[in-house]
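Colleague: below is the sequence, then the predicted model.
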Amino acid sequence: MKKIALLFLSLIVTNSLALSPYVGSYQLYADTKMGNLQIGSAVLKLEMSGSEFTFTTEAKTESLWKALYDYSRSEKSTGNETDGQVINKYFSVIEKIKDEVKKDYELTIVTDKNYALSSTGEEFEIKPGLLVDPLSVYLALSNDMLNNPDQLEFTYQVVDQNGVKYLKFIVDGHEKISINAREIDTIRVRCEELELALNLSVNDNYQPVRIHKVNGKTEFTMLLIEFRG
């Protein structure tokens, strides 16, 4: 479950000119010895003030399943959209399993000076160019797919508490997804390093409607159930 937060990523709604505010809800399912079970939920919220964005997630397991897996995670990412690009400034995360805090840190990103500073005291040097965090990377992906619909590969410089790494997202074809009796035309995108697959809605600005993540021996699926734009 170390990287489960990447499941709660981003329900992303953008257009070619600007990010658009929204609130989205997901249900979280896990393949267990008892079958495929709904074990939790997540709420994702994108707020805009001019070109400035605040993107937050709140994810948790339901009380019924806390004995099996008691998990919660809150994330916050801020920055701005400049010339169609997502520029990240700040990221914070608190992750708990039962009563134990697994992650609790903040990152301040100074793109024009090519470094990111962690609340743990570490400073990471970055290469020239845009830098995003583990949450805002999905805003960048949505924006780039919308503005470059024929591109098949997207690579991002991503910083977390361990430092800076490059993540590659590859377009993997079309797929019809049925949600609440509605057929949705999606594009599949995968990130091999994260063992992550996304289904992004073609007609809804590449909004993720299904997210599939493998963590060790367990597979997780997130499914969109409600969206308010």
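Modeller: Great, that's in hand. Numbering: from 1, shown residues only.
Colleague: okay, CA-based contacts and neighbour counts for the rest of this
Modeller: Fine.
Colleague: and the helix or strand hosting D144, what does it pack against?
Modeller: Assigning secondary structure by DSSP states H and E places D144 in helix 137-147. If contacts are counted by 3 or more Cα pairs under 8 Å, 6 or more residues apart in numbering; DSSP states H and E, helix 137-147 sits against strand 85-97, strand 153-160.
Colleague: tell me the most buried of the ones you listed?
Modeller: When neighbours are counted by mean count of other Cα atoms under 10 Å, the highest per-stretch mean among the helices and strands packed on helix 137-147 falls to strand 85-97, a mean of 21.
Colleague: check the offset of the strand of greatest length in the chain from the chain's centre.
Modeller: The strand that spans the most residues within the chain, counting by DSSP state E, is strand 163-179. For strand 163-179, the gap between its own C-alpha mean and the chain's C-alpha mean amounts to 11 Å (Cα atoms, centre = their mean, to the nearest Å).
Colleague: buried stuff in the very next helix or strand once past that strand?
Modeller: The first helix or strand that comes after strand 163-179 along the chain, using DSSP H and E, is strand 182-191. When burial is assessed from 16 or more other Cα atoms under 10 Å, strand 182-191 yields the following buried residues: 184-191.
Colleague: what pairs with strand 182-191, parallel or antiparallel?
Modeller: Using DSSP bridges, the strands paired with strand 182-191 in its sheet are strand 163-179 (antiparallel), strand 196-201 (antiparallel).
Colleague: what sits against the residue lying farthest from the centre of the chain?
Modeller: Relative to the C-alpha centroid of the chain, counting by Cα atoms, centre = their mean, M34 is the outermost residue, at 27.6 Å. Applying Cα atoms under 8 Å, 6 or more residues apart in numbering, one finds that M34 lies in contact with no residue.
Colleague: now R190: closest residue in space, sequence neighbours ignored.
Modeller: Residue nearest to R190 in three dimensions, not counting chain neighbours: A197, with 4.3 Å by Cα to Cα, 6 or more residues apart in numbering.
Colleague: for T155, that is, sorry about that
Modeller: By the measure of Cα to Cα, 6+ apart, the closest residue to T155 outside its immediate chain neighbours is K168, 4.4 Å from it.
Colleague: quick check: pLDDT value at that neighbour.
Modeller: If you check K168, the pLDDT there is 95.
Colleague: Q85 now?
Modeller: Per-residue confidence for Q85 comes out at a pLDDT of 85.
Colleague: beta partners of it?
Modeller: As assigned using DSSP bridges, the partners bridged with Q85 are T82.
Colleague: hmm, S142 and it touching each other?
Modeller: No. Look at Q85 against S142 with Cα atoms under 8 Å: they stay out of range, at 10.5 Å.
Colleague: what residues does whatever helix or strand T221 lives in touch?
Modeller: Per DSSP H and E: T221 is located in strand 218-228. Identification of contacts with strand 218-228 by Cα under 8 Å, 6+ apart yields 7-8, 22-32, 179-180, 208-214.
Colleague: among the residues you listed, name the ones in helices.
Modeller: In helices, judged by DSSP state H, none of those are found.
Colleague: now list the buried members of those residues.
Modeller: When the contacts of strand 218-228 are checked for burial by 16+ other Cα under 10 Å, the buried set is 7-8, 22-30, 208-214.
Colleague: now what about the longest strand of the chain, what contacts it?
Modeller: Surrounding strand 163-179, the residues in contact under the criterion Cα under 8 Å, 6+ apart are 124-126, 152-159, 183-193, 199, 224-225.
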